[in-house]
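Peer 1: could you work out the structure for the sequence below:
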Amino acid sequence: MVILRSPLAAAGVLVLSALTTVVATPVARQSGISLLLSNDDGWAEANIRAFYEETTAVGYNVLLSAPAENQSGTGSRSTTPTPLTEPGEFDSIPAGSPAEGHNSTDERLWYVNAYPVDAVRFGIQNLSSVYLGGIPSLVLTGPNVGTNLGIATQFSGTVGAASEGAKLGIPSIAFSASTGSERSYTELEAGDYSFIYAQASLRFVNTLIQSGASPLLPSGTALNVNYPGVGASTNCTSATDFKFVLSRVYSALGLPVDVNNCGSRHLPTESDVVGTDGCYASVSVFNADSKLDAGKSAQQAVLDSLSGFLTCLPQ
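Peer 2: Residues are numbered from 1 along each chain as shown. Predicted coordinates:
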């Protein structure tokens with residue numbers, strides 16, 4: 001037995017819990033939209049646990065499969081999961097635990113002792129049929145601790161995990177956020193920045209699902225969403241303060257390659273959007289294989305799906 005904090009309990013309340021082996025046992029399945037959550041910051045990091053709580057609370061069928069340790073900057077690297085030789089992130093897993101396992105206080109919280117790509121692949125191929133009743137409707141990664149803008153997308157494990165979901169044929173979105181540092185989910189408090197980013201991401205996901213687009217995202221593409229900082233200085237103090245702007249990962253270099261939006265054939269870069277005063281979040285459509293910007297037909301499909309929700313930067 002090991003003392004862990006229940007992810008759904010009030011902060012500071014200790015419960016006895018055990019980490020079980022890789023064998024997944026069937027649990028009650030909900031109908032409707034199913035979500036697979038992952039990240040590169042680790043399964044016990046505060047942002048992903050806040051996102052898990054928010055998506056579960058509104059009735060989505062949710063499964064979390066994330067690395068046992070912080071794997072930031074590992075991009076799309078992959079390896080065979082191995083048993084833990086040291087305690088897992090924030091001492092959430094005892095040394096000697098199996099390569100994959102879950103928290104017995106909530107059987108839908110899984111760790112994989114490998115890279116983010118491996119955690120997403122394991123969740124889809126080994127767990128989703130048991131917990132979600134089939135492949136997930138969406139793969140959602142993050143919110144990452146720190147933004148993933150421009151060239152950083154090539155190295156981000158959070159983006160790599162979303163790319164893997166898209167490569168496996170599942171609509172996928174990577175979320176990244178400016179405010180915060182690596183911390184345990186045991187430090188979560190009601191109303192803190194992790195919940196604000198989680199609620200903003202849930203608002204974005206809800207809008208995409210309610211759009212009725214089929215498929216939800218163009219095949220072979222994923223979305224990269226980046227949030228500015230939270231606080232009075234950025235005018236971002238609640239989830240509804242964020243305004244989402246269609247952007248591109250890299251500069252267009254003057255070429256007319258983008259969808260016509262906001263009176264221009266050149267979408268702003270992610271950095272331009274997040275760096276603009278007024279709580280603007282960037283939304284880029286990227287190719288899952290190359291992690292470069294998708295073409296204007298894919299951008300148009302996303303623009304159509306989120307019409308009325310996306311906005312323009314001030315002139």
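Peer 1: residue boundaries of the strands in this structure?
Peer 2: Ranges of strands within the chain are 2-5, 14-17, 34-38, 61-67, 100-103, 106-112, 138-145, 172-177, 221-227, 243-247, 280-287, 310-311, based on DSSP state E.
Peer 1: could I get the ones you listed as JSON lines with mean pLDDT, mean neighbour count and distance to Q199?
Peer 2: Yep, even glycine has a C-beta here, placed from its N, CA and C like the rest. What follows is those, written out as JSON lines (pLDDT from 0 to 100; neighbours: other C-beta atoms under 10 Å; distance: least, C-beta to C-beta, whole Å):
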{"stretch": "strand 2-5", "mean pLDDT": "32", "mean neighbour count": "18", "distance to Q199": "22"}
{"stretch": "strand 14-17", "mean pLDDT": "29", "mean neighbour count": "13", "distance to Q199": "26"}
{"stretch": "strand 34-38", "mean pLDDT": "98", "mean neighbour count": "27", "distance to Q199": "15"}
{"stretch": "strand 61-67", "mean pLDDT": "98", "mean neighbour count": "28", "distance to Q199": "15"}
{"stretch": "strand 100-103", "mean pLDDT": "96", "mean neighbour count": "24", "distance to Q199": "23"}
{"stretch": "strand 106-112", "mean pLDDT": "98", "mean neighbour count": "23", "distance to Q199": "20"}
{"stretch": "strand 138-145", "mean pLDDT": "98", "mean neighbour count": "30", "distance to Q199": "10"}
{"stretch": "strand 172-177", "mean pLDDT": "98", "mean neighbour count": "28", "distance to Q199": "12"}
{"stretch": "strand 221-227", "mean pLDDT": "98", "mean neighbour count": "27", "distance to Q199": "11"}
{"stretch": "strand 243-247", "mean pLDDT": "98", "mean neighbour count": "23", "distance to Q199": "14"}
{"stretch": "strand 280-287", "mean pLDDT": "98", "mean neighbour count": "26", "distance to Q199": "13"}
{"stretch": "strand 310-311", "mean pLDDT": "98", "mean neighbour count": "16", "distance to Q199": "18"}
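Peer 1: redo those as TSV? Include distance to N47.
Peer 2: Converted to TSV, these look like this (distance: least, C-beta to C-beta, whole Å):
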stretch	distance to N47
strand 2-5	16
strand 14-17	21
strand 34-38	10
strand 61-67	11
strand 100-103	17
strand 106-112	14
strand 138-145	5
strand 172-177	7
strand 221-227	11
strand 243-247	18
strand 280-287	15
strand 310-311	24
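Peer 1: just tell me which of the ones you listed ends up closest to L188.
Peer 2: strand 2-5 (9.6 Å; C-beta to C-beta).
Peer 1: tell me the pLDDT at the nearest residue to F195 once chain neighbours are set aside?
Peer 2: Setting aside the residues directly before and after it, F195 is nearest to A50 in space (C-beta to C-beta, 6 or more residues apart in numbering), at 4.9 Å. Per-residue pLDDT puts A50 at 98.
Peer 1: so where's the stretch 1-150 of the chain shaky on pLDDT?
Peer 2: Residues of the stretch 1-150 of the chain meeting the criterion pLDDT under 70: 1-31.
Peer 1: what is the burial count for the residue nearest to F195?
Peer 2: A50 has 23 neighbouring residues, counting by other C-beta atoms under 10 Å.
Peer 1: repeat that for the one 4 residues further on.
Peer 2: E54 has 22 neighbouring residues, counting by other C-beta under 10 Å.
Peer 1: for E107, see how far away the residue nearest to it when sequence neighbours are not counted is.
Peer 2: Leaving aside its chain neighbours, E54 sits nearest to A198 (4.4 Å; criterion: C-beta to C-beta, 6+ apart). Counting by C-beta to C-beta, to the nearest Å, the gap from A198 to E107 is 21 Å.
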